[in-house]
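# please work out how this folds:
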Amino acid sequence: MLEENTTEELTRILPAILTVEEAATFLNCSTETIIRLIKRGKLCAYRVKEEYNRWNINRLDMLKYLAENTNI
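I've put the predicted structure just below:
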């Protein structure tokens, strides 16, 4: 579970909405891994209506994913 100080720090660092590319950079993984997490329901994301193949990830959803999948 993320510590409170870590969560506050990440809230300041992360933009409110992340692209798949930004999420991949932040998690140090490929964009394919992010898409896989989204499709498997492990990371909540929202399709951008104008661009069918584009996803946005809310900062709170990223923090939730980190809290559930890290040992910080």
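# strands of this protein, start to end?
Ranges of strands within the chain are 17-19, 46-48, 51-58, based on DSSP state E.
# need those strands in CSV (columns: distance to Glu68, mean pLDDT and mean neighbour count).
Where C-beta positions appear, they are placed from N, C-alpha and C, glycine not excepted. Converted to CSV, these look like this (distance: least, C-beta to C-beta, whole Å; pLDDT from 0 to 100; neighbours: other C-beta atoms under 10 Å):
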stretch, distance to Glu68, mean pLDDT, mean neighbour count
strand 17-19, 17, 95, 18
strand 46-48, 19, 89, 13
strand 51-58, 14, 85, 14
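# do you know which of those lies nearest Arg36?
For the strands of the chain, the distance to Arg36 is smallest for strand 51-58, at 11.8 Å, taking C-beta to C-beta.
# so what touches the closest one?
16-20, 23, 34-35, 38, 43-48 (C-beta atoms under 8 Å, 6 or more residues apart in numbering).
# sounds good, over and out.
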